[in-house]
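> quick one: sequence plus predicted model below, questions after.
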Amino acid sequence: MKALAWMGKNDVQMVEIPKPKIIEDRDVILRVTGSTICGSDLHLLHGAVVQLQKGDILGHEFCGRVDSMGAGVKGLKQGDRVVASFQIACGECMYCKKKLSSQCERTNSNTIENVMYGGRTAGMFGYSHFTGGFAGGQAEYVRVPYGDVNLLKLPDDVPDEKGLYLSDVLATSWNCVVDTGVKEGDVVAIWGAGPVGEMAAEMSFTNGASRVIMIDGGAASWRLDLCKEKMPKIETINYTDLPRGTTVTSKLKEMEHGGPDVALECVAGEYAKGWAHYFEMLLGIETDTSEIINEMITSVKNYGRCGITGVYVGFTNHFNIGSLMERGIRLIGNGQAPVHLYWEQLLQMIREGKTDPYKMLSHRVKIEEMDIVYKKFDAREDHMQKIFVQT
Ligand code: NAD
Ligand code: ZN
Ligand code: ZN
């Protein structure tokens with residue numbers, strides 16, 4: 001079968017590999033009909049998440065049809081049209097019972113060393129050996145462990161092109177908005193106008209935000225215009241266009257007295273400057289806008305809330321703990337979104353037209369084009385937002 005493999009830093013290739021087999025009693029083999037690329041795949045492409053091995057199959061957002069299954073799988077039959085969650089949960093452990101499926105105890109490896117280094121979540125499809133080494137769904141077939149837990153049936157009125165996004169991006173955006181407590185009247189600033197940031201903006205408005213200010217720049221500046229086209233109420237800051245002496249923080253304070261109530265990080269640690277920034281500070285060198293977490297802390301109103309959804313691994317940045325403590329700022333790790341907590345509710349929202357995944361969909365491509373699409377998505381070319389990869 002065809003699959004997309006990681007072959008080294010910034011190198012993904014289409015390869016031919018054997019079709020996966022049932023290994024465990026509750027495995028489902030899924031014939032993939034649709035998948036997509038996520039900002040998280042870019043971290044893997046860049047080698048920014050450790051323990052990726054040459055030949056690893058990528059892809060954690062996919063939907064398809066049940067091809068075959070182990071004897072222990074209940075509630076599914078061959079041919080069922082389903083979407084997979086990006087995390088692999090057992091459905092029975094302490095966290096899974098609370099539907100906090102991204103923290104499943106059976107599929108992760110939360111040793112002290114791992115938590116110290118960067119924390120471990122549940123196993124994830126196509127997300128390197130850091131999360132269990134499970135082959136991903138940017139392929140013709142994929143093995144889904146605990147298939148009856150990690151696959152959700154799609155009703156006839158929800159096509160693949162909408163249902164696919166329940167696997168990650170919709171749950172992630174909703175999680176960051178709900179978990180950071182966006183409520184009626186809040187002014188929300190969002191860093192990163194990618195698919196996650198865009199949907200977080202839409203969902204902030206759904207939750208009653210009075211203003212949403214989107215921040216992005218560089219090669220992705222066009223995303224700000226795109227958000228404005230889709231959500232005329234949204235306001236934007238292009239961090240690469242700010243006049244000298246103006247920072248994202250000062251601009252936000254100028255736009256809203258005291259700053260926003262809520263800051264949502266939908267970018268990722270790999271774009272922050274990390275330790276290099278610390279030394280620059282010591283040397284008195286002017287800092288730039290990639291210091292997202294500190295920007296968030298210093299931008300929000302006193303007692304404001306900052307939620308982190310972009311992926312960070314281990315120790316990143318120095319934090320402005322002084323500002324955080326003195327002003328009562330809430331810094332919230334939103335975690336890998338627990339898809340199982342939200343996906344039924346989100347499916348209902350799609351059916352009722354309360355959220356429309358088509359809004360993010362910018363390109364439809366075939367699986368054979370996947371390697372080229374990765375390069376374009378990484379370079380922010382061709383105005384790629386969310387892609388539907390037909391398999
Ligand atoms: P994306 O790569 O398409 O978008 C990220 C955007 O951030 C880009 O447009 C980029 O230009 C912008 N950016 C870079 N530096 C910036 C800065 N200093 N200030 C403001 N914006 C900046 O990614 P995406 O698919 O939208 O995902 C966003 C993040 O969410 C990624 O880190 C991804 O790994 C993460 N993610 C987390 C979860 C979760 O469950 N927590 C799930 C999915 C994705
Ligand atoms: Zn993802
Ligand atoms: Zn579990």
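Cool, the structure landed. Ligands and ions are numbered 1, 2, ... in the order given.
> next, the buried residues of the host helix or strand of A3.
For A3, the element it lies in under DSSP states H and E is strand 2-8. Neighbour counts using 16 or more other CB atoms under 10 Å place A3, L4, A5, W6 of strand 2-8 among the buried residues. Placement of C-beta: from N, CA and C, glycine included.
> so what touches it?
The contact list for strand 2-8, computed with CB atoms under 8 Å, 6 or more residues apart in numbering, reads 12-17, 44-45, 47, 52-59, 128, 135-136, 138-140, 367-368, 370-371, 374.
> change it to 6 Å
By CB atoms under 6 Å, 6 or more residues apart in numbering, the list of residues contacting strand 2-8 from outside reads 12-15, 17, 52, 54-58, 138-140, 367, 370.
> of those, which is the nearest to ligand 1?
L58 (12.9 Å; CB to the nearest ligand atom).
> that closest one: neighbouring residues, count only.
The criterion is other CB atoms under 10 Å. On that basis, L58 has 28 neighbouring residues.
> residues touching it, list them.
Residues in contact with L58, defined by CB under 6 Å, 6+ apart, are L4, W6, D41, G126, G136, Q138.
> try 8 Å
Going by CB under 8 Å, 6+ apart, L58 touches L4, A5, W6, V12, D41, L44, G126, G136, Q138.
> now name the helix or strand holding the fourth one.
Which is V12. Mapping V12 onto the secondary structure by DSSP H and E places it in strand 11-16.
> now do that strand against strand 2-8, angle only.
Angle between the axes of strand 11-16 and strand 2-8 is 150 degrees (criterion: axes from the mean of the first three to the mean of the last three CA atoms, to 10 degrees).
> now the residue of the stretch 151-300 of the chain found nearest ligand 1: closest residue in space, sequence neighbours ignored.
Here the residue of the stretch 151-300 of the chain nearest ligand 1 is G194; by CB to the nearest ligand atom that distance is 2.3 Å. Counting by CB to CB, 6 or more residues apart in numbering, the nearest residue to G194 once its immediate chain neighbours are dropped is G39, at 5.2 Å.
> circling back to that earlier point, just the mean pLDDT for the strand holding V12, thanks.
If you average the pLDDT over strand 11-16, you get 96.
> can you name the element that comes right after it?
As assigned by DSSP H and E, the chain's next helix or strand after strand 11-16 is strand 28-35.
> C-terminal to that following strand, what's the next element?
Moving on from strand 28-35 towards the C-terminus, the next helix or strand you reach (DSSP H and E) is helix 39-45.
> buried members of the contacts of strand 2-8 into PyMOL, please.
Buried residues among these (16+ other CB under 10 Å), as a PyMOL selection:
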select buried, resi 12+14+52+56+57+58+138+139+140+367+370
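> how about the contacts of strand 2-8, which pair is most distant?
Among the contacts of strand 2-8, the pair separated by the greatest distance (CB to CB) is L52 and E140, at 21.3 Å.
> and for R65, the neighbour number?
The local packing of R65 (other CB under 10 Å) involves 14 other residues.
> pairing partners for the strand holding V12, with directions?
Sheet pairing here is set by DSSP bridges, and for strand 11-16 it gives strand 2-8 (antiparallel).
> please list all residues in contact with the residue in the stretch 251-391 of the chain positioned nearest to ligand 3.
Ranking the residues of the stretch 251-391 of the chain by distance to ligand 3 (CB to the ion) places H340 first, at 9.7 Å. Under the criterion of CB under 8 Å, 6+ apart, the contact list for H340 reads S85, A89, C96, K99, S101, V149.
> ok so, going back, could you redo the contacts of L58 as CSV and give each row distance to ligand 3?
Formatted as CSV, the entries for the contacts of L58 read as follows, by distance: CB to the ion, whole Å:
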residue, distance to ligand 3
L4, 28
A5, 28
W6, 27
V12, 30
D41, 24
L44, 24
G126, 19
G136, 20
Q138, 25
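> ligand 2 next: which of the residues you listed are close?
Contacts with ligand 2 within the contacts of L58, counted by CB under 5 Å from the ion: none were found.
> most widely separated two among the residues you listed?
For the contacts of L58, and using CB to CB, no pair is farther apart than A5 and D41, which are 12.6 Å apart.
> give me the phi and psi for the residue in the stretch 151-300 of the chain positioned nearest to ligand 2.
Residue nearest to ligand 2 within the stretch 151-300 of the chain: D168 (4.0 Å; CB to the ion). When read as degrees, to the nearest 10, the backbone of D168 gives phi -160, psi -70.
> circling back: relative to strand 28-35, how tilted is the strand holding A3?
Using the same axes, to 10 degrees, one finds that strand 2-8 and strand 28-35 are set 80 degrees apart in direction.
> can I get strand 2-8 as CSV, trimmed to CA atoms?
The C-alpha coordinates for strand 2-8 follow below in CSV (Å, rounded to 0.1, in the frame of the first residue of the first chain):
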residue,chain,number,x,y,z
LYS,A,2,1.0,3.7,-0.4
ALA,A,3,2.0,5.6,2.7
LEU,A,4,3.8,8.8,3.6
ALA,A,5,7.1,8.2,5.4
TRP,A,6,9.4,10.5,7.4
MET,A,7,12.9,9.9,5.9
GLY,A,8,14.9,12.6,7.7
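> nearest residue to P357 in space, please, no chain neighbours.
When the adjacent residues along the chain are set aside, P357 lies closest to Y165, with 4.2 Å between them (CB to CB, 6+ apart).
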